[in-house]
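Asks: Build me a structure from this.
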Amino acid sequence: MAPTQPVTLTSVLTCPVCQHAQAKQMPTDACQWFYECPSCHTVLKPLAGDCCVYCSYGSVPCPPIQAQGKGACGGG
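Replies: Purely as a prediction, here's the structure:
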């Protein structure tokens, strides 16, 4: 059996509008559906097929997806 990879709890969210990047602590028990960019105040929402803003705009996917071992949300 392969060893389990540790779950990363910090992700760098990058706003697609102004390119502002900020490290954020991700919740471990839920998906975050909205995030307001502190620079331009655009409210980010998940892209189609993603479960949360971390999977759409973050440097690493959210903890529930990491724990499932899938490369992306909605993957099989």
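Asks: can you pull the buried residues of the helix or strand bottoming out on mean pLDDT in the chain?
Replies: Least confident helix or strand, the chain: helix 63-68 with a mean of 86, by mean pLDDT, DSSP states H and E. By 16 or more other C-beta atoms under 10 Å, the buried positions in helix 63-68 come out as 63-66. The way it works is simple: take the backbone N, C-alpha and C, and place the C-beta from them, glycine included.
Asks: How far off centre is it?
Replies: 10 Å (C-alpha atoms, centre = their mean, to the nearest Å).
Asks: got the contact list for it?
Replies: Helix 63-68 is contacted by residues 5, 7-9, 26-28, 31, 51, 55, 60, 72-73 when judged by C-beta atoms under 8 Å, 6 or more residues apart in numbering.
Asks: how about TSV for the residues you listed, with pLDDT and secondary structure added?
Replies: Formatted as TSV, the contacts of helix 63-68 follow (pLDDT from 0 to 100; DSSP: H, G, I helix; E, B strand; the rest coil):
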residue	pLDDT	secondary structure
Gln5	72	coil
Val7	87	coil
Thr8	92	coil
Leu9	94	coil
Met26	94	coil
Pro27	89	coil
Thr28	85	coil
Cys31	84	coil
Cys51	92	coil
Cys55	95	helix
Val60	94	coil
Ala72	51	coil
Cys73	61	coil
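Asks: Drop anything exposed from the residues you listed.
Replies: 26, 31, 51, 55, 60, 73.
Asks: just checking, the fourth one touches Cys62?
Replies: Meaning Cys55. Yes. Assessed by C-beta atoms under 8 Å, Cys55 is found in contact with Cys62 at 5.7 Å.
Asks: Just want the most central residue of this protein.
Replies: For the chain, the residue sitting closest to the mean C-alpha position, by C-alpha atoms, centre = their mean, is Tyr54 at 1.3 Å.
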